[in-house]
Structure formats: structure tokens, C-alpha cells
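Enquirer: curious how this folds, go ahead:
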Amino acid sequence: MNMDLSFNANYIKALSHDQIRHYAPSIYAEQPAPGVSKNYGYVPTYPILDELVNEQGWIVIAAQEAHVRISENLGYAQHAVRLIQPDMKIIGVGETFPSILLRNSHDATSTFQFLQAIFRKICGNGQVRQQGEEASLKLRHNSKALAHLHEAAPLLIAGAKETAEQVQALSTITLTEQEKGVFALSARELKWPAELETNEAGEVIKVIETAPIRPEALLYHRRDADDLKGRGATLWNTMNVVQENLIRGGLSGRTVNGRRTKTRGVQAIDVDIKLNRALWALAEGMRKLKEVS
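Expert: Below you'll find the model as predicted:
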């Protein structure tokens, strides 16, 4: 996700309200978007953040809002905020923390959504767990939203601990070269699914690849700490390397017409979350296969 992060190799610095407002001004909207029904129980996002930060111990490390094409929607756009528990670093996997991704909008199209996620300080990567009872929490826009969030505090912490346990499980599984290739191939299909050509009977007669890169390009590590050789060839490391390459883009390749190109990074909030969830599901599926083999 194209979020602005405030951290360096030695510490993580929480974003101030001024910084959050700069990156995602819609968080501070005092009223809903024009045209929203009067029956809509509007709740701004910033009091929700204050509850998470001041009462529950989370800190905001990133914020983003969606680009809007209609000027009337400016200031009410969908936005996302990433928060972490700074005292919950996951043991054995580097500078990695459970996090939550808070997503909301002010146009009555969504509830407050809290997604269990992961943050890696070394690269600023943010992953999102696949959807499930423990992986998300939703709050309606009404006068009881803050009270419900206060009551849900233990659930958010329990979800963070569950996420940490899953990360540690993924980090104990070593992949062969063939298995890393299979993971990369499957991940490539998530972003660039092949097109199928069928005959009149509906039978597939041709598979047309749309990906501009070969699967092994997704296994390219951008820093020595992510080298996928030897002890580094874990399922956790592989997922991180592949995720960063998919989300950040910048990989050299060729279009279907043979022209040189570079892959584009993911900018849209919804696309980022969908792709991250799918990657997590892919990793969990491979973990289960490895554990029974």
C-alpha cells in the first residue's frame, strides 16, 4: 500500500495528528459526504484513532486515502490507517510486529473495518491476513461505535497474538527450490491471471499469459536480509519477498507484445488488501500441505 511511513532502522516513530491529517485529511472530516442520508449515524475516524492510541496502546505508523475523481467527494474519501503494538514484536522473525489496518469512508458505503495485519520495519511492508472471524472486526457508524470499540479491545489484542503465532509457524517451514517456484507462480496468477480462450462448446483451447514477468522474478530479494537461500528459504521469507515485489512493482519485464516494461506498484487500498489477503491464504495453504507431507 502506498502509505507514508515514519520509521528508521533504530526506532519506529508514531505519526502525529498533523502528519496523519497531511497524508489522509478525510480522517478529520466533521460531516459525511454530500448527499448522504440524514439517517446515517456519522462518526468521524479521528475519535476512533484516539481510542486506539490513548486508551488501548496502539500507535499510528502510516496513513493513506484514496484518490477521488469527483471534487465533491474530496475530503470524504476512503482511507486506511496502520497501527501497531510497539511492545508486541514477534520473536524470531526480525523487526516484525502485529498490526491492525483501520479502513473507513465517509460516504455511507462501509463500516469501520479493523483488519489484522503484519508490519515489517526493515522494508515498511504491511501484510493483511486472510478474512476470518479472528482476522477482522467491523463497527457500524452510530453513537455506540466508541463504546463497542472499547469493549472490543481484548479481541484486537487476541487477534494480534493469533497473527504472531501464524507468522512464527510460517517461519519454521523451509521450502525447496521447486516449492518456492510454485509459490511464485501461484502468486503471479493472483495479480496477472491468465486469459482463457474457449471454443463454442466452452472448452479451453488456449491459455494466454498476461503477466509481464516470469515467476522467478518475484523471488528477487531487495536486501541481503531477505536472501531466499539456505536458512532464509522459509515460507515466511518467501511470502515477504514475493509480496514486496508484487506491491511495490518496479520489476523489469515485457508486455504481451514484447515491449520492455516495468511492473506497476499497487496504489488502490482495496486492491492492496485483496492481494495481500490472497497471498496470506496461499501461504497458509502451502503451510498445511507441508505439515501433512
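
Enquirer: how far away is the nearest residue to residue 110 once chain neighbours are set aside from residue 18?
Expert: Closest residue to residue 110 apart from its sequence neighbours, by Cβ to Cβ, 6 or more residues apart in numbering: residue 104 at 6.6 Å. Placement of C-beta: from N, CA and C, glycine included. According to Cβ to Cβ, to the nearest Å, residue 104 and residue 18 sit 20 Å apart.

Enquirer: same thing with residue 240?
Expert: 32 Å.

Enquirer: residues in contact with stretch 182-200?
Expert: Applying Cβ atoms under 8 Å, 6 or more residues apart in numbering, the external contacts of stretch 182-200 come out as 175, 204-213, 215-216, 218-219, 235, 238-239, 242, 246, 275, 278-279, 282-283, 286.

Enquirer: so for the host helix or strand of residue 137, what gets flagged as buried?
Expert: Element membership for residue 137 (DSSP states H and E) is strand 136-139. By neighbour count with 16 or more other Cβ atoms under 10 Å, strand 136-139 contains the buried residues 136-137, 139.

Enquirer: for the record, mean pLDDT for the biggest helix by length in the chain?
Expert: Longest helix in the chain, counting residues (DSSP state H): helix 269-292. On average, the pLDDT along helix 269-292 is 92.

Enquirer: could I get it in PDB with only the CA atoms?
Expert: Listed next in PDB are the C-alpha coordinates belonging to helix 269-292 (Å, rounded to 0.1, in the frame of the first residue of the first chain):
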ATOM      1  CA  ILE A 269      -6.500   0.500  -1.000                       C
ATOM      2  CA  ASP A 270      -9.000  -2.200  -1.900                       C
ATOM      3  CA  VAL A 271      -6.700  -3.900  -4.400                       C
ATOM      4  CA  ASP A 272      -3.800  -3.900  -1.900                       C
ATOM      5  CA  ILE A 273      -5.900  -5.500   0.700                       C
ATOM      6  CA  LYS A 274      -7.400  -8.100  -1.700                       C
ATOM      7  CA  LEU A 275      -4.000  -9.100  -3.000                       C
ATOM      8  CA  ASN A 276      -2.500  -9.300   0.500                       C
ATOM      9  CA  ARG A 277      -5.300 -11.500   1.700                       C
ATOM     10  CA  ALA A 278      -4.900 -13.800  -1.200                       C
ATOM     11  CA  LEU A 279      -1.200 -14.100  -0.600                       C
ATOM     12  CA  TRP A 280      -1.800 -14.900   3.000                       C
ATOM     13  CA  ALA A 281      -4.300 -17.600   2.100                       C
ATOM     14  CA  LEU A 282      -1.700 -19.000  -0.400                       C
ATOM     15  CA  ALA A 283       0.900 -19.200   2.300                       C
ATOM     16  CA  GLU A 284      -1.500 -20.800   4.800                       C
ATOM     17  CA  GLY A 285      -2.400 -23.400   2.200                       C
ATOM     18  CA  MET A 286       1.200 -24.300   1.500                       C
ATOM     19  CA  ARG A 287       1.900 -24.500   5.200                       C
ATOM     20  CA  LYS A 288      -0.900 -27.100   5.700                       C
ATOM     21  CA  LEU A 289       0.400 -29.100   2.700                       C
ATOM     22  CA  LYS A 290       4.000 -29.100   4.200                       C
ATOM     23  CA  GLU A 291       2.800 -30.100   7.600                       C
ATOM     24  CA  VAL A 292       1.000 -33.200   6.400                       C
END
